[in-house]
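**Q** How does the following fold in three dimensions:
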Amino acid sequence: MTFTILIPPLIGGVIGYITNALAIKMLFRPRRAVFVFGKRLPFTPGLIPKEQARVARSVGNVISTQLLNAETLTEVLTSENMTEKIRSGIESLIEKNKSSSASVGSAVLWFAPREDAERAAVGIRGEAARMIYERITSDTAKAAVTEAVSSRIRGRLSSVGFGIFDKIAEPVARGVSDSINGAIADNGMEFIEKLLDGEMDKLKNTKICDLIDRFSDKTDAVTDFVMNIYLRVVREHLGKILADINIAEIVENRVASFDVSQLESMIFGLMKKELNAIVYLGALLGFLMGWINLLFRF
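**A** Below is the predicted model of the structure:
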């Protein structure tokens with residue numbers, strides 16, 4: 001009698017166990033559609049193989065918008081812990097290369113292919129030239145040139161003319177300053193680019209140890225300068241960088257390219273404990289339902 005009472009709960013537990021285990025397997029199996037008499041059987045292929053493209057798109061979207069978005073990465077990359085690590089890395093790199101006889105140009109090639117390095121150098125030169133040109137052709141710079149020329153001409157004319165040329169000093173100074181500012185506007189960019197080319201060639205051929213020795217008393221200032229550039233790039237340009245990289249598309253393409261067996265192994269590897277818990281929970285619920293069924297009979 002006692003054994004007979006146990007049969008329904010045990011059967012319920014076995015059914016619950018098998019049902020949940022089968023349901024989990026059916027997420028991935030069968031991996032291809034099954035046809036009988038030209039008709040596709042329901043639930044074939046499994047849910048993951050059938051919806052792999054949609055799952056890949058959803059995973060990519062979640063990772064790019066919720067996990068690796070610009071706000072989250074900016075917070076991590078500009079955190080005190082991260083900035084301290086980067087600062088320590090810069091200081092360690094400077095200390096390590098104090099005796100290096102390698103040139104700056106060869107050191108750059110350790111980190112990037114020649115073509116990329118040259119492209120970056122051209123970009124840096126162009127950006128630096130543009131910034132300098134904008135400064136020297138600004139209204140403030142023009143006013144400074146005009147004031148300096150006027151002061152110099154007034155001083156010279158006053159010293160030789162005993163005040164006779166005071167009335168013509170201002171027009172002459174204005175004409176000279178306008179000519180200077182015009183020449184700067186017309187030829188300044190070309191001159192700056194040539195100057196920067198020469199300075200960059202010198203820098204490329206400079207030994208790292210000589211460069212560090214030259215700025216040995218400015219190590220903290222150099223480190224602060226590099227850190228400020230890093231923080232500015234992260235805060236102002238990380239969003240555009242991520243948009244150009246398109247993390248969502250990368251993740252989507254990667255997940256969509258996975259073989260289903262590879263995807264199954266990955267998910268089971270990550271969630272084996274949780275999936276087994278679902279199977280055992282099915283057995284427990286089936287066992288309890290068996291007892292409830294007995295109570296209703298009595």
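**Q** domains of the chain?
**A** Following automatic domain parsing, one gets these domains for the chain: 1-98+237-298, 102-206.
**Q** what comes up buried for stretch 5-14?
**A** Across stretch 5-14, burial judged by 16 or more other C-beta atoms under 10 Å covers 8-9, 12-13. To be clear about C-beta, it is placed using only N, CA and C from the backbone, and glycine gets the same treatment.
**Q** If you could redo that for stretch 272-289, that was the one I meant.
**A** For stretch 272-289, a neighbour-count test (16+ other C-beta under 10 Å) marks 275, 279, 282-283, 285-287, 289 as buried.
**Q** for the record, mean pLDDT for it?
**A** Averaging pLDDT along stretch 272-289 gives 87.
**Q** what sits up against it?
**A** With contacts defined as C-beta atoms under 8 Å, 6 or more residues apart in numbering, stretch 272-289 is touched by 9-17, 19-21, 24, 268.
**Q** C-terminal to the longest helix anywhere in the chain, what's the next element?
**A** Taking DSSP state H as the criterion, the chain has its longest helix at helix 166-205. Using DSSP states H and E, the next helix or strand after helix 166-205 towards the C-terminus is helix 208-214.
**Q** name the helices or strands packed onto that next one?
**A** With contacts defined as 3 or more C-beta pairs under 8 Å, 6 or more residues apart in numbering; DSSP states H and E, helix 208-214 has these neighbours: helix 104-111.
**Q** Next, the buried residues of the helix it packs on.
**A** 104-105, 108.
**Q** coming back round to it: of all the buried residues of stretch 5-14, which comes closest to Ile124?
**A** Checking these against Ile124 by C-beta to C-beta gives Gly13 as the nearest, at 70.3 Å.
**Q** tell me the contacts of that closest one?
**A** With contacts defined as C-beta under 8 Å, 6+ apart, Gly13 is in contact with 283-284, 286-287, 290.
**Q** Narrow those to those in helices?
**A** Those of those mapping onto helices are 283-284, 286-287, 290, per DSSP H.
**Q** residue ranges for the strands of the protein, please.
**A** 35-36, 39-40 (DSSP state E).
**Q** could those strands go into TSV alongside mean pLDDT, distance to Lys202 and mean neighbour count?
**A** TSV is the format used below for these (pLDDT from 0 to 100; distance: least, C-beta to C-beta, whole Å; neighbours: other C-beta atoms under 10 Å):
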stretch	mean pLDDT	distance to Lys202	mean neighbour count
strand 35-36	81	74	9
strand 39-40	82	72	10
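**Q** Columns distance to Ser58 on top of those strands, output as JSON lines?
**A** What follows is the strands of the chain, written out as JSON lines (distance: least, C-beta to C-beta, whole Å):
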{"stretch": "strand 35-36", "distance to Ser58": "28"}
{"stretch": "strand 39-40", "distance to Ser58": "24"}
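**Q** nearest residue to Val222 other than its sequence neighbours?
**A** Residue nearest to Val222 in three dimensions, not counting chain neighbours: Phe215, with 5.9 Å by C-beta to C-beta, 6 or more residues apart in numbering.
**Q** Hmm, the one you found is touching Thr223, no?
**A** No: using C-beta atoms under 8 Å, Phe215 is not in contact with Thr223; the gap is 10.6 Å.
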